[in-house]
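Trainee: one predicted model, sequence on top.
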Amino acid sequence: MLEPASKYRGAALATIEGQPLELLRFIILGARGGENRGRILVLLAERPRNAYQLAKELRLNYGTVVAHLETLSGAGLIVRLTVSRYACGYAPTSEVRRLLPLVRLAPRQ
């Protein structure tokens, strides 16, 4: 049984009761907005991107993307890469890169 997402907020992925795959599945498949978070993770696994790039490529509202990035970051699934004072990108953790292929994502229609 999966716990509510609030249990994972702010926790490091590698330290969640040894269940990082369960967390990843829940965040992507079991939570509202999970499909878009999955799409974000797939793009970030290809190469780091910033919120604007993700919004443009996914055709999502910038604010929506920022909210998803905050959720993913809070769950310890992505890391923030600070390039300069005004620019930052995001990338998945090495654990997520390893586990992402195990989570089956449905293609967007």
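Mentor: In hand now; what should we look at? Residues are numbered from 1 along each chain as shown.
Trainee: going forward, measure contacts and count neighbours with C-alpha atoms only.
Mentor: Will do.
Trainee: so what touches the host helix or strand of Lys56?
Mentor: Under the criterion of DSSP states H and E, Lys56 resides in helix 51-58. Here helix 51-58 makes contact (C-alpha atoms under 8 Å, 6 or more residues apart in numbering) with 39-40, 43, 60-62, 65-66, 69, 89.
Trainee: once you drop chain neighbours, what's closest to the residue positioned nearest the centre of the chain?
Mentor: When C-alpha atoms, centre = their mean is applied to the chain, the residue found nearest the centroid is Leu72 (3.9 Å). Leaving aside its chain neighbours, Leu72 sits nearest to Ile78 (5.9 Å; criterion: C-alpha to C-alpha, 6 or more residues apart in numbering).
Trainee: that neighbour contacts Glu95, doesn't it?
Mentor: No - Ile78 is beyond contact range of Glu95, at 9.6 Å (criterion: C-alpha atoms under 8 Å).
Trainee: those two: which is more packed in?
Mentor: Set Ile78 next to Glu95 and count neighbours by other C-alpha atoms under 10 Å: Ile78 wins out with 25 against 15.
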